[in-house]
Each structure stands twice: as structure tokens, then as C-alpha cells.
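[1] Need coordinates for the below:
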Amino acid sequence: MCIEKSDARKLKPEVQQQLRNQAVHLFKKGWKNQKIAGALGVSHVYAGRWCSAYTKHGRSYSLRGKTQGLRLPAKKERINLISSVRNQGQARFMIYDGTMNSDTFIKFMKRLIKDACRKIYLILDTIRVHHNKPVKSG
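    Next up, the predicted model:
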């Protein structure tokens, strides 16, 4: 038994969209492009394009002029990060709110020292927090 493959370009846009949505649904379930194409009766090339578009953009194709998407408020969020890199390439980091101050920097240094079995050499820039009295004494 062989299912005749239809030319997806000749189908109505609504039918094309339904096929795309079904292809993405099957792709999420772990189906391969060949199997999806066989189940939907379309070429494996189209099934592959639909699935790769979903993988790249996180969504399936949509009708022309009807781009799918999620509207979010324009509120900006700010996060700060401090990090260190060992000579073996291992990275340690800490995310914090607000601005860098001596308490935050000391907390980060204590976390660095916590599992160190050797001396730690820090190379710091000239930001004031790195060289103020509480940091030097703590």
C-alpha cells in the first residue's frame, strides 16, 4: 500500500498550516522527517524544512502576514554577574542584584576560597570595590 504524496504548494494555506502544525507535533514526539512525511503524505523535503524551521526559531511556519509570536512588556530587567576563570578553564560565577559593593565582592571571594586546595591569585581591574579597605582587611 502506497500513499500518494501531494504537492504541498498546491494546497490551500489553511491546509498547509494544519500540515505544518501536525509535522511539528510529530517532530516533538521524536519522529524522523521520513516518517512524518509518510504519515502526512508530503515530501520528506517539506517535512524537513518545517521541522528545521521549528528547531531554529522555536515555532512552526505561519501564514504570510500572520507571524506567530508572544508579545511581552517592554520592561527591562537587569542582572549582574561576577566571574573567575581558573587556568584549567573552569569558570566560577555569582549572579547578584544591585551594584557591586564590598560585601558582594567579599562574599564572592569566600565562595572561591571554599573549595580551593591551593593559593588563589586574583587579577583585578581598577574598580574601587576591588581595592577598598573592607576587601583588603577581609
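[2] Quick check: S102 touching K136?
    No - counting by C-beta atoms under 8 Å, S102 does not reach K136; the two are 9.6 Å apart. Using the backbone N, CA and C atoms, a C-beta is placed for each residue, glycine as well.
[3] Compare these two and say which is more crowded by neighbours.
    S102 (18 against 9; other C-beta atoms under 10 Å).
[4] Tell me which helix or strand comes right after the helix or strand hosting W50.
    According to DSSP states H and E, W50 maps onto helix 44-57. Counting by DSSP H and E, the next helix or strand C-terminal to helix 44-57 is strand 80-85.
[5] Quickly run through the sheet partners of the helix or strand following that following strand, with directions.
    Once the chain leaves strand 80-85, the next helix or strand it forms, by DSSP H and E, is strand 91-96. For strand 91-96, the paired strands and their directions (DSSP bridges) are strand 80-85 (antiparallel).
[6] Packing partners of the helix or strand of the chain with the lowest mean pLDDT?
    Lowest mean confidence among the helices and strands of the chain (mean pLDDT, DSSP states H and E): helix 44-57, at a mean of 78. Under the contact definition 3 or more C-beta pairs under 8 Å, 6 or more residues apart in numbering; DSSP states H and E, helix 44-57 sits against helix 13-28, helix 33-40.
[7] Could you chop the protein up by domain?
    8-57, 80-137 (automatic domain parsing).
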